[in-house]
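> With the sequence up front, the predicted model follows.
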Amino acid sequence: MGIIQFSIRNSLIVNLLLLVIIIAGVLSWRSMPQEMFPIVDLDLVRIVTEYEGAPPEEIEKQITILIEEEIETLPDVDVVTSESSEGLSKIEIKLKADVDVDEFLREVRSVVDAIDDFPIQAETPEISRLKTRFPVVSVTLYGSTELGVLYETAEDVRRDLLGLPGVASVGIAGNQEWELWIIVDPHEMAARNVSLNEVQNALTENLQDLPGGSLQSAEGDILLRGMGVASNAKAVGELVLRSNAGGGQLTLSEIAEIDLRLEEAKTIGRFNGESSVNLTVTKTARASTIDVAEAVRLYTGYLQENLPAGMKAGLLF
């Protein structure tokens, strides 16, 4: 009964103590991170290496296999999977149970750094531990506007979202990139005695921003790499294939049709029965889910009033 008697006799002290506990509880609650789904570290390690312009076969031979041969001998490795695509090597390592992942990361970095046979043009491999990061909110752009306008607007919105406080990344789905198409006329080529190799060489030497793409022909695709003029239809059409002593020039536009087209769709987005692009927002580790969602909501309200005619924006939580 000592505590009860003390509380009765010293009610002021008890009330002050309760007030301190309440204040401490409120402060602790406000400082707690607000999460719908917490970030979970996985026992998976990813190695990503960029080698712009290189075909998948070259990526596999000169990068992927070299790394695999070194890491497969490590005792903590359970399963290794890899994917070699144009300009990119991705390797995922599943670890055995109860492995110290941080120590394994240091070991992998030492092993990969010791490889000295990578191509000079290849980027330094990026090694990281995979994490599950759930999206906070999604912004959907949809409407009856032209697809090109929809995709360009989506890219602008993506950049704006990345500038909001607390936003870590913005994934985009349902969009298509522009491609430069060059369709040569075989009759014009024969009449002017131009070979496909001449066209390939002109594009390789003058295309800007690796990789340059590929030539499609009956014999197979030819990968293009190069730097030079901007890759727009007018500039490419003015490329000189050959010239003579009298100053005459044969340009690419004289034997080929050149235009910009949207690439073949990898994913197709539909919202309310109309074409759409979906932008998925994830937050930084320290940001509040509520604050980020509210910032995106306010931005979407502003966006709704400034979209091109026929386009609308929606929010998905």
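Yes, it's here.
> residues near the nearest residue to residue 88 once chain neighbours are set aside, how many?
Using C-beta to C-beta, 6 or more residues apart in numbering and skipping the chain neighbours, the partner closest in space to residue 88 is residue 50 (5.8 Å). Yep, even glycine has a C-beta here, placed from its N, CA and C like the rest. Neighbours of residue 50 under the rule other C-beta atoms under 10 Å: 16.
> Verify the stated contact: residue 50 with residue 87.
Yes. With contact defined as C-beta atoms under 8 Å, residue 50 reaches residue 87; the gap is 6.3 Å.
> How about the secondary structure of residue 297?
helix (DSSP: H, G, I helix; E, B strand; the rest coil).
> quick one, what contacts it?
137, 315 (C-beta atoms under 8 Å, 6 or more residues apart in numbering).
> swap the cut-off to 10 Å and go again
137, 139, 315, 317 (C-beta atoms under 10 Å, 6 or more residues apart in numbering).
> mind listing what the first one touches?
Each residue near residue 137 by C-beta under 10 Å, 6+ apart is listed here: 36, 161, 279-283, 289, 292-297, 300, 315-317.
> now do 6 Å
281, 293, 296, 317 (C-beta atoms under 6 Å, 6 or more residues apart in numbering).
> now swap in the third one and tell me
Contact criterion C-beta under 6 Å, 6+ apart gives residue 300 as the residues in contact with residue 315.
> what's the answer for the second one, then?
Going by C-beta under 6 Å, 6+ apart, residue 139 touches 279, 300.
> State the helix or strand in which it lies.
strand 137-143 (DSSP states H and E).
> ditto for the third one
Secondary structure here is read from DSSP H and E; on that basis residue 315 sits in strand 311-316.
> pLDDT score assigned to residue 132?
According to the prediction, residue 132 has pLDDT 67.
> Likewise for residue 221?
So, for residue 221, pLDDT stands at 46.
> Please renumber the chain so that the first residue is 543 from this point on.
Noted, 543 is the first residue going forward, which turns the last one into residue 763.
> Residue 848 belongs to a strand?
No. Under three-state DSSP, residue 848 falls outside any strand and is assigned coil.
> residue boundaries of the helices in the stretch 543-692 of the chain?
For the stretch 543-692 of the chain, applying DSSP state H, counting those that start in this stretch gives helices covering 544-551, 553-573, 598-601, 607-613, 643-655, 689-704.
> downstream neighbour of the lowest-mean-pLDDT helix or strand in the chain in the secondary structure list?
The weakest-scoring helix or strand in the chain, judged by mean pLDDT, DSSP states H and E, is strand 764-766 (a mean of 46). Next along the chain after strand 764-766, taking DSSP H and E as the criterion, comes helix 775-779.
> From the contact counts, what lies against that next one?
Packed against helix 775-779 by the contact rule (3 or more C-beta pairs under 6 Å, 6 or more residues apart in numbering; DSSP states H and E) you find strand 798-804.
> Okay, now the sheet partners of the strand it packs on, with direction.
Neighbouring strands of strand 798-804 in its sheet, by DSSP bridges, are strand 720-726 (antiparallel).
> Give me the contacts around the partner strand.
773, 797, 798, 799, 800, 801, 802, 803, 805.
> Which strand residues bridge residue 627?
residue 630.
> Would you mark the buried spots in the helix or strand hosting residue 784?
Using DSSP H and E, residue 784 falls within strand 782-785. For strand 782-785, the neighbour count (16 or more other C-beta atoms under 10 Å) marks residue 783 as buried.
> cool, stretch 672-680 as well?
Buried residues in stretch 672-680, counted by 16+ other C-beta under 10 Å: 672, 675, 677, 678, 679, 680.
> Same check on stretch 785-797?
792, 793, 794, 797.
> Check the gap between residue 832 and residue 839 for me.
Taking C-beta to C-beta, to the nearest Å as the measure, residue 832 falls 10 Å from residue 839.
> Report the central residue of the protein.
Most central in the chain under C-alpha atoms, centre = their mean is residue 713, positioned 7.0 Å from the mean C-alpha point.
> Farthest pair within the buried residues of stretch 672-680?
Largest separation among the buried residues of stretch 672-680 by C-beta to C-beta: 672 and 679, giving 22.6 Å.
> neighbouring contacts of the strand holding residue 784?
Under C-beta under 6 Å, 6+ apart, the answer for strand 782-785 is 740, 744, 791, 792, 793.
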